[in-house]
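# Provide a 3D model corresponding to the input given below.
(4 chains)
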Amino acid sequence: MNDTLLKVSDLSVEFRNGSTVNKAVSGVSWDIRRGETLAILGESGSGKSVSASAIMGLIDSPPGRITSGRAEFDGMDLLHLDDAERRRINGPRIAMIFQDPLAHLNPVYPIGWQVAESMRLHGVSPEEARRHTLELLERVGIRNAKARLKDYPHQFSGGQRQRIMIAMAIALKPDLLIADEPTTALDVTVQAQILDLLTELRRETGMAVLLITHDLGVVAQTADRVVVMKDGQVVERGDVREVFGAPAHPYTRQLLDAVPGKSRFRQPEAAGERLLEGRGVAKFYPISAGWFGRPVETLKALDGVDFDLHKGETLGIVGESGSGKSTLARTVLGLTRPTSGEIRWRGRNVAQMSAAELFEMRRNLQVVFQDPTASLNPRMSVAEIIAEPWAIHKGFLPRAQWKDRTVELLENVGLRAEHAERHPHQFSGGQRQRIAIARALALQPEVILCDEAVSALDVSVQAQVIDLLRKLQTQYALSYIFIAHDLPLVRDFADRILVMKQGKVVEEGTAQEIFERPREPYTMELIAASPDAVPRSESRWRSAQ
Amino acid sequence: MSDMTLESQHSQPIAQRRIGLVFMLRQDPFAFAAVVVLVLFALLAVLGPTLLGDIATSMNLRARNAPPFELERGFWYLLGADALGRPILARVILATRTTLLIAGAAVLLSMVVGSVLGLIAGYRGGFLGDAILRLTDIVMSFPSLLLALVVLYVFDPAITNVIIVLAITRVPIYLRTVRAEVMEIRSRMFVTSARVTGAGPVRLIGKHILPMVFPTIVTIMTLDFAFVMLAEASLSFLGLGVQAPNVTWGVMVAEGRNYLSSAWWLSFWPGLAIALVTMSLNLVSNWVRMVIDPVQRWRLEGKGEK
Amino acid sequence: MARHFAKRALWSAISLFALVVAVFFMSRMTGSPADLYLPLDAPTEMRVQFEHLHGFDRPVYEQFFSFLGDLLRFDFGMSLRQGLPAIDLVLQALPTTLLLAFYSITIALVVAVVTGALAAWRPNSIFDRIATVLSLIGASLPNFWVAIIGVIVFAVTLRWVPTSGTGSVAQWVLPIAVLALRPAGLIVQVARSSMISVLSSAYVKTARAKGAPSRRILFVHALRNGMLPVITVAGDQAAGIINGAVIVETIFGFPGVGKLMIDSINYRDFAVIQAGVMVTAIAIFLMNVLIDLAYLGLDPRTREEMV
Amino acid sequence: MKKMIRMTGASILALAAMWPALGAAQDTALTIALPAEPANIDGCNTTVTGIGVIVKENIVETLTTISPEDGSIQPRLATEWEDIGDGKYRVSLREGVTFHDGTPFDAEAVAFSIERLQSQEISCLDRTKIAGIEITTDIIDEHTIEIGAAPAQVLMPTLFSFIGVVSPNTPTDALSRSPVGTGPFAFEAWNADGVHVARYDGYWGEAPQVSEATYVFRGESALRAAMVEIGEADIAHDIAPQDAVNPDIDIPFLNGETTRMRIVMLPPLDDIRVREALNLAFDREALLGTILSDRAQIATQFILPNINGHNPDLEPWPYDPARAQQLLDEARADGVPVDREIRLVGRIGFFPNQEEVLQAIQQMWAAVGFSVRLEMMESADWLRLVNRPYPADREAMLIQEQHDNNNGDAAFTMRFRYHTDGQQSEMNNAEVDRLIDTAEQSVGEERTLAFQEANRIIADEVIPAVPMYHMVSYMRVGSSISYEPNVLSLIQLELADITFN
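Numbers count the residues shown, from 1 in each chain, chains lettered A, B, ... in the order given. Sure thing, here's the model as predicted:
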């Protein structure tokens, strides 16, 4: 079958950044056939998105520049189109969906308008566009679509937003849909739904899908062929089953090895001292409406949660967005007061602590947040960031030793001494998270709360960070509260797991219990939804060959 | 950003970076020119009055409203003469010190007061925040002329009072902007991180919030500078500001008002001085914003690339 | 949302009251109106009669309480100078000022937002540099200077428009242009920086992927998002004009609130000062409500925040 | 956004509807540009600059008028008057006169106007001119009235020129913004465009050429001048010297104002040598033709030459800095603290270029060794310094003053400023007090000589002031009309005097 839809050859793109030139992709070639799903697999910085952007003409110049290559599509070279030709391609022929649908939908226009616009831009009459918008939204599974046409992106959930993006993309029945990390920010169950939807649509329309992702599970379950990229170059390509079954390139092997969910379950040791406990922790938010703002409803973010954390153990907390994981984290950290119930630190109720006791608790309870970019002050150097806890807890470490200790910590988390003088923006996401961990370690706390601390990282980096956390745990007898939505990760790392749903703990047990003998349907659903990194021919997402 | 970018970034030690400031200034020709202009005016402010002696204040009615660029009266008459035949060039120089003193002090004072109150209102929020915000509403609605008259009646017409009146009327601008920004920054993750580590309000504000608000404050300050310089003139006319023989650019511009149709140069040159300082401050503030923002700094470290 | 506005109205009522009290007492610290109102050579007997006639011989607190009593009926008393109800004078002058503010801010907005957006499209381009310099000049030129030069150039030399007066459209051109200049300069700056950040946002990328033309991206997709800070600044500037476009009103002979207030303050016409401050404060409050509504209209996300 | 555009469009249309029918104005309609909008235009405020210029003898007529040339009293609504003793005058009124509202003009109306002028219900500013005098009326018949003054007034016919006669229908409890009088022009409207008057067809006298007039108010001198230049206005009142660049249309006239600096005679200014030095060091000629108009006159006293009581023998102070220096040195040698800083207090807004004038004088004084600090003050602030009772902690200072005596007689100046009990007097000179008392009770030459002698003593022996100038104003008169401004034109501009070329 030689039905090539798009052929990219020898594509090179570079970005100028001041005096430095970053070769994002160099000499990349691949092709995609009609109706197939091609996955470009790579970690952040591998250049996997850049080739898609080049095809769509989305590379800003400056700073970007396409230095070589061709992208043949229907007899045209997509890399050298004028504006009018470009507009005839983008939308009707090739459409694109993105990772973060909230950011990629215009916040100030109703979604109906935005979907209709993708048609009206290409000559569809307003009435026709309106009618078709409704069909599309219903097709992608927006319930009560007619009533929601005038709603705005922020009024939808993440999965619904991605559905809207998809509706927008398929409006003109494009030949090729480029999906750039379409499910990365979504919960596993929602991810499964979106992948289902894409699969169905592909079957219906016969469009080809170019799937750009870092998630090996998604690739394994959905793609026909895969292109593996590293540092701007293609390192391996081929049929998914062949590549995953017998990776030829060491990097591919390394990636596959890093996929979590394969190690042995950790067995909880004899319970040490109880450091933290939560009893009946609840957090309600009144939702008011009407003229005088009487509360008409209560949002139960946390609804009677009990938990214990012992010295040296890792407590995993899993659940989908909205399950109350983050509220629990904020409550534990003392950032919000629980509406009822209490949290005790070494038997002392946190709510009743004196300022000095609280201060002392804070020294021993550190946190690593999900987004390392946001949690590091962009104005401070790494040295300042890491030393800040010492500046706050005066007397913990004499100023003379700060420098040495900073270097020590940096090396501890796999960074180098010279990194101390740089600023956060000069690091990659994984490195930033290491800095955040180094900061959390600075005070040698007893507990570190990891709130989705590795979710945003690439698998290989994830694996490294988890390894680091493990190593530190043994080194310093640390306890972790490990909040994540990614089940395989929790499976590998946690001793005990809480499964949360709608503010409540629905199931609790050791990692082995949860994964091997789940009692609750919800837990089972969660486990079933996460894609397995082993390609199977019967995958419900793969195209029929 | 990939690791590769990181490797190619500059990573010179701190000592080198200090020297780098001048280098970075040279990288931005607009900012460099602006700094030169500002240094020049600063020198004039410090030295001008001493160097001039009474050139700027002695009248010469035969040179009344003498047009600019006629050299037969001598160098000082290059920019023409005012209604009393005093050389405008000399008067612009003479006025530099008082002008910059009053405008600088008023801008600084309003900035400090407004920012502090804005920080409190934004950081504390709640009732206190609302109350502070309402206070600014009152100040903004209170007629500034009436305020000036009250000060004039209750106190002496000292320069400090001009500064206070000007500062009071400008406080709300800073307060409102700072409050809005603080409320946004307060909820950012790195502030939460520091809070969780046990940082108190002083540290949170001083180390994390203020540096983020600072660029905005600087921008307002530079735009306000021109405004204050002109507003000062109207107070002087009430008898609240500087009195002859002392003079400011604002007063010169305002005095020239009566001669706009016959002798434009009376108000043009001091107006140009105001515009020059404003524009230079603006360019420098843009540059400063870039220097203190590590994310932007590379623009000034590169080889002239922008 | 209703609660948000109710709360704001309550707060505004409190600050309005505080404002009225402050104006009452502070204006009485600025000398007796008798001296100003009567001719220089008026004898003491006339001054005494004048003060008695207008109740200035009573203790200040007594004056204050009777003022408050009248205020409850929205009665500010009679103007000393003009012998008409103070509130009528203010309400007569208000439309002129509001119209001036409306036109000049609208024009400033349109011109400056387009300029700022185009400048943001290609930062540091020639157009951007010129726009920046011109906007800074616009923001730092004194009103009276622009006004008089405007008259000399456009009315006297070119004879395109009349010098002054309020009767015809042509007579509004110069004052509106003069008043629009400074706001326009400031708004260009704000719009530019706001648009630069908006143009780098993800949904702009989406629009390009949809095949939207540049003009549409700039003015449909980005502009509405970039308008919030612009609206705030425009509101502050409009408030400034409502509070007193004195110079323009005086030069061009526009009988607006600014000129009325200045005259009243100069003549210690307390009733008019009070009424003027109150009415302009209310006008500005209402304008701020409009700005909030504009926020709501522009950015649906704010609808939840205002709960 | 779309809505906004629609709104703007609508308002532009609304504005367009206001576009006037250009060129519809009649040939004999005038526009007069005045510097400031008055607070009211009541017939009992005719002596106030901004009001009188509109009202006086245009809308509201007075019983008598003062000739701008020689200060003589001319009949207006009063045709004849006779002193019948006991402070009473019998006045015959003009017959066949009606007010603009149709009410006939008669003795009732005069009595009404006089009563209203003195009412405690309103503050009539013309009452200043009859301060301390009670005026009574006695209606004899329809066109004859007896008007009495207590105490008896020598200058009764002059006082008649301050009595504007308004329609008896004028409210008695408020100042009017729509005056009804007997003049050649009737008030039409006062709105945003200005004050409109139109020729009154039932006027008793000669019908003026001007058919209607609009008074517009523009604060900027240059703008007023420009309006006449381009034909938007016919007369620009009171423009600054630097705007008076066209001698064909810019007409200077002595405006009746005299300016000086009052001396607060406290140390060091209590020493006459110091006061002499101040006068000698001031080069009055130098400012003429530069900052001030060359038509301004150097003043020797505080009243104009056409005023009865002006002493023509007084010489202007010579400019003699050397002598000034010498006097100062002598005073210093005698322990007078001549080096103490002296405040020179100016009031904002007396005349154009005023601050420059003061700065110039300050320089001249500095040149002989005075240390004078110039302070410009807002009116109310300034007033605190000039009226009795003076602040207790007053120090030596110079207060710039301006005074207009348009009433033909020095009485309106002398007591107030030079008598020991004068409200703005700094003097305590028994001889001057006696002379003023005498003059006020005399008539004819005796009166004149007494005032003249008082003025001599004041100028030569007391020196309570630094006399400056009799001031000049410029009026720009459009080339299509003829008008000759006179000494009264600042407060009284009779439209009937205007003719068309």
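# Describe which strands the longest strand seen in chain D pairs with in its sheet and in which direction.
Looking across chain D with DSSP state E, the single longest strand is strand D:250-264. Applying DSSP bridges, strand D:250-264 is found paired with strand D:397-404 (antiparallel), strand D:465-477 (antiparallel).
# moving C-terminal of the first one, what's the next helix or strand?
Tracing the chain C-terminally past strand D:397-404 and defining elements by DSSP states H and E, one meets helix D:411-418 next.
# and stretch C:39-46, anywhere near chain D?
Yes: applying C-beta under 8 Å from any C-beta of the partner chain, one finds stretch C:39-46 in contact with chain D at C:39-46. Placement of C-beta: from N, CA and C, glycine included.
# What residues sit buried inside that stretch?
Within stretch C:39-46, the residues that count as buried by 16 or more other C-beta atoms under 10 Å in any protein chain shown are C:39-43, C:46.
# Which of these sits closest to residue D:306?
residue C:41 (19.3 Å; C-beta to C-beta).
# Quickly note the distance from that closest one to residue D:41.
21 Å (C-beta to C-beta, to the nearest Å).
# In the stretch 151-300 of chain D, what residue lies closest to chain A?
residue D:192 (41.1 Å; C-beta to the nearest C-beta).
# Can you name every helix or strand that the longest helix along chain C contacts?
Secondary structure of chain C read by DSSP state H shows that its longest helix is helix C:86-121. With contacts taken as 3 or more C-beta pairs under 8 Å, 6 or more residues apart in numbering or on different chains; DSSP states H and E, helix C:86-121 sits against helix C:126-140, helix C:169-199, helix C:223-243, helix C:246-252, helix C:257-266, helix C:270-298, helix D:2-17.
# Each with direction, which strands does the next helix or strand after the last one pair with?
Counting by DSSP H and E, the next helix or strand C-terminal to helix D:2-17 is strand D:29-34. In its sheet, strand D:29-34 lies beside strand D:212-217 (parallel), strand D:235-239 (parallel), with partners assigned from DSSP bridges.
# what does the stretch 401-545 of chain A put close to chain B?
A:418, A:421-428, A:431, A:436, A:439, A:443.
# ok, of those, which one's closest to chain C?
Using C-beta to the nearest C-beta, those come closest to chain C at residue A:425, 14.7 Å.
# contact partners of stretch D:259-270?
The contact list for stretch D:259-270 (C-beta atoms under 8 Å, 6 or more residues apart in numbering or on different chains) reads D:274-275, D:278, D:299, D:302, D:331, D:336-338, D:340, D:342, D:344, D:350-351, D:386, D:394-403, D:424, D:426, D:463-469, D:471.
# try 7 Å
D:274-275, D:299, D:302, D:331, D:336-338, D:340, D:342, D:350, D:394-402, D:426, D:464-469, D:471 (C-beta atoms under 7 Å, 6 or more residues apart in numbering or on different chains).
# List the buried residues of it.
D:259-265, D:268-269.
# do stretch D:320-338 as well
D:320-321, D:324-325, D:327-328, D:331-332, D:336, D:338.
# Next, format these as a markdown table and append pLDDT and distance to chain C.
Below are those laid out as a markdown table (pLDDT from 0 to 100; distance: C-beta to the nearest C-beta, whole Å):
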| residue | pLDDT | distance to chain C |
| --- | --- | --- |
| D:320 | 94 | 32 |
| D:321 | 94 | 33 |
| D:324 | 94 | 30 |
| D:325 | 94 | 35 |
| D:327 | 94 | 32 |
| D:328 | 94 | 32 |
| D:331 | 94 | 32 |
| D:332 | 93 | 35 |
| D:336 | 92 | 31 |
| D:338 | 90 | 31 |
